[in-house]
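Q: Sharing a sequence plus its predicted fold:
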Amino acid sequence: MIIYLSLLDSESEQDKFTRLYLAYRGVMYHTAVQILGDCNDSEDVVHQAFIKIIEHFSQVKEPVSPSTRAFVLIITKCTAIDLYRKRKTHSTISIEHISDVAVEGSIDHLIEGNSIAIAIANLPDRYRDLFFLKYDYGLSNHEIAHILEIKEVTVRKWLERGRKMLEQNLNEQGVAL
């Protein structure tokens, strides 16, 4: 943890990060193990995820909250899936299993009863995670691309597809746009 703290400027940021680290390191590791099935790779993923979190630490308002938990787990999940794809020649789980791994604390339960939130919750993980990063955390397409290690054009395309799916879900619910 000393390495992470040395990357932060102020003592208040270090205190905030320490609280985040202590609150989420276990669930981050568990999420990575679910995806990768390997303890060593999961530790690497958690480390990489913490580095990405520090790079975008200004986005974290409250270190222990449902939205911060979702933010942290989205980064962890995407980092683990990236590693899985890079190493899939000697993988231990099927790709179908990855799609079943849900980010606990995601947008599903943050806003209940709202038609738009319900429609977003029904989107595939990829689009739901992007909406969460874009609209809840206010990250730019460039920042999202950096966190998820994908091209910025891919972020734009996925957001466009997600918006179309969201519009379709809302129309099916009878919500006028």
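A: Great, that's in hand. Keep in mind that this is a model prediction, so the values were computed, not measured. Numbers count the residues shown, from 1 in each chain.

Q: Not counting its neighbours along the chain, what's nearest the residue most central in space within the chain?
A: Taking C-alpha atoms, centre = their mean, the centroid of the chain lies closest to Ile74, which sits 1.3 Å from it. Computed as C-beta to C-beta, 6 or more residues apart in numbering, the closest residue to Ile74 that is not its neighbour in sequence is Asp129, at 4.8 Å. Backbone N, C-alpha and C define where each C-beta goes, glycine included.

Q: from what I can see that neighbour touches Ile75, true?
A: No: the criterion here is C-beta atoms under 8 Å, and Asp129 misses it with Ile75 at 9.4 Å.

Q: Quick check: phi and psi at the spatially closest residue to Leu148 that is not a sequence neighbour.
A: Nearest in space to Leu148, with sequence neighbours left out and distances taken as C-beta to C-beta, 6+ apart, is Cys78 at 4.9 Å. Here is the backbone geometry of Cys78 (degrees, to the nearest 10): phi -70, psi -40.

Q: how close does Cys78 get to Ile150?
A: For Cys78, the distance to Ile150 equals 9 Å [C-beta to C-beta, to the nearest Å].

Q: before we move on, what about Phe71?
A: The gap separating Phe71 from Ile150 is 17 Å, by C-beta to C-beta.

Q: Which one's more surrounded, those two?
A: More crowded of Phe71 and Ile150, by other C-beta atoms under 10 Å: Phe71, with 28 against 15.

Q: Check whether the more buried one sits in a helix, strand or coil.
A: Using DSSP: H, G, I helix; E, B strand; the rest coil, the structure places Phe71 in helix.

Q: surely it meets Tyr137?
A: Yes: counting by C-beta under 8 Å, Tyr137 is a contact partner of Phe71 at 6.1 Å.
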